[in-house]
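Engineer: Can you look at this prediction? I've put the sequence above it.
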Amino acid sequence: MSKKFSDLGIQESIIKALSDLKIVVPTEIQQKAIPLLLSNTDVVGLAKTGTGKTAAFGLPLLQLIDTKLTTIQSVILAPTRELGHQIFSNLEAFAKYNSEISIAETCGGIPIKPQIERLTSSTHIVVATPGRLIDLIQRKAINLKEAKYLVLDEADEMVTILKEGLDEIIAELPKNHRTFLFSATMPGTIKQLIQNYLNKNVVQISANMETVGNQGIDHQYIVVDPIEKLDVLMHFLTSKDGERGIIFCKTKAAVNKLAKNLAINRFSSGALHGSLSQGIRDRIMEQFREGHINILVATDLAARGIDVKEISYVVNYHLPDVYEVYVHRSGRTARAGAKGLSLTVLQQEEVAEITDFERELGIQFSKYKKPSLASIEENNTLLWAKQIFKTKPNHEVDAELKTKIKTIFHHLTKDELIEKLLANHLLQNKTEVAEKPVKKFKKE
């Protein structure tokens, strides 16, 4: 029989807020973590993306806050502003019926002055990115002298900055503070952090580790030649019309190039990478969350913190170099008990690496059937037709020229005009293919 949140020691006001969010049954990591966080020990929680880690530490933290005090009692660190904002929003929702609890968001990428001003008011919980928190400490704009709890969320994504700056953060906290570290993976650098900064009697727990994220992800791969990679992807995206998904690329340049090609072919898409301004990133994410665009083309870091339940697929347009990156990518789909597809696009020389991913991550890949050449050509023709349909009229064209063109076409019916346009398009395609020089393609 599944446990309830009340069995874990969560108070009624928080359970009521969870009920409003339609969260009734605790996940495995929540069942294991919540009682420990409500006790008196440091905790390391190992669980894949999408298993409910935010509630695992967020619910007991809310309950541990002493609202009689006006000082900061808990600090939560996240690797990116997007994830920090997600944690902040979740905590606000969990604390819906605990309005006396004050939560502040102090993440990078946005002006610091309003954050400094916000911290002059009563604040119990601070959600921050490490760089911004260190900046606030150096400006003496934040007081952590009474903070009892430090949470390191997605610690494996913060290793570099934590190695450089965690000493400075720890120095601001009282010696008897408790630390809760959550991570999807446990590389050696994280083990070193645990040894250096957590209590020697730290309790380690793990959940949902037998697969990447959960059983709901269907892991597939497709093998393509470099010249057909974009066409095969667009064929796949057409088959997923109306569904939301994320396409992962290794570099910002690759994101920009692919996003441009998808826009040309009238796919409802947007690009997300670290070189974009925070305002643009926020606007694109809002469009994605609200369903105004269906496809997000993103780098790995930019996609951290995306928690959209209706993402039905992710595409690895480039095979990741690190196994843990695949964990985070595929974990964007199949959230909240839903099913999802993680499709990896490979070139022939990369196929052997799939076995390594299966062994290291304990998952099974199946082969996605590549569409036939005829099917790809048909899809490209349909995309061409959509381009024409969605092209806005050019009102700057000379009126006399328009009249001359209309005179040429005036005796054709609509069907005859379509037939001629289609025949011309197909003829041009054949000519371009025949004239195209043979190239040796390098691996992308």
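Structural biologist: Structure received.

Engineer: Next up, the contacts around Thr185.
Structural biologist: Thr185 sits next to 46, 156, 323-324, 327 when contact means CB atoms under 8 Å, 6 or more residues apart in numbering. Yep, even glycine has a C-beta here, placed from its N, CA and C like the rest.

Engineer: Could you identify the buried members of those residues?
Structural biologist: 46, 156, 324, 327 (16 or more other CB atoms under 10 Å).

Engineer: does the residue lying closest to Met186 once chain neighbours are set aside count as helix, strand or coil?
Structural biologist: Excluding its sequence neighbours, the residue lying closest to Met186 (CB to CB, 6 or more residues apart in numbering) is Leu46, at 5.7 Å. Here Leu46 is strand, with the state taken from DSSP: H, G, I helix; E, B strand; the rest coil.

Engineer: Number the residues from 58 up from this point.
Structural biologist: In the new numbering, first residue 58, that becomes Leu103.

Engineer: looking at it, Leu103 is touching Val260, isn't it?
Structural biologist: No. Using CB atoms under 8 Å, Leu103 makes no contact with Val260, being 11.7 Å away.

Engineer: Any stretches of the chain with poor pLDDT?
Structural biologist: Scanning the chain for pLDDT under 70 picks out 58-59, 106-107, 265-272, 359-362, 364, 393-394, 489-501.

Engineer: circling back to that earlier point, pull the contacting residues for the residue nearest to Met243.
Structural biologist: 239-243, 261-264, 266.

Engineer: and if you look at Asn373?
Structural biologist: Contact analysis of Asn373 by CB under 8 Å, 6+ apart lists 305, 383, 386, 399-402.

Engineer: can we see that at 6 Å?
Structural biologist: Asn373 is in contact with 305, 401, counting by CB atoms under 6 Å, 6 or more residues apart in numbering.

Engineer: how much space between Thr448 and Ser96?
Structural biologist: Look at Thr448 and Ser96: by CB to CB, to the nearest Å, they are 64 Å apart.

Engineer: More neighbours: which of these two?
Structural biologist: When Thr448 and Ser96 are compared for neighbours, Ser96 comes out ahead with 12 against 9, by other CB atoms under 10 Å.

Engineer: Now that one: phi and psi?
Structural biologist: Dihedral pair for Ser96: phi -90, psi -140, per degrees, to the nearest 10.

Engineer: my guess is Ala161 meets His181, correct?
Structural biologist: No. Using CB atoms under 6 Å, Ala161 is not in contact with His181; the gap is 8.7 Å.

Engineer: Kindly check the end-to-end length of stretch 101-120 for me.
Structural biologist: 19 Å (CA to CA, to the nearest Å).

Engineer: give me the number of residues near Val379?
Structural biologist: Around Val379 there are 11 residues (other CB under 10 Å).

Engineer: Okay, it and Leu469: tell me how far apart.
Structural biologist: For Val379, the distance to Leu469 equals 58 Å [CB to CB].

Engineer: rewinding a little: beta partners of the residue nearest to Met243?
Structural biologist: Ser240, Ser263 (DSSP bridges).

Engineer: how close does it sit to Gly165?
Structural biologist: In this view, Leu103 and Gly165 are 27 Å apart by CB to CB.

Engineer: what does Gln249 give?
Structural biologist: In terms of CB to CB, Gln249 sits 25 Å off from Gly165.

Engineer: higher neighbour count, those two?
Structural biologist: Gly165 (17 against 12).
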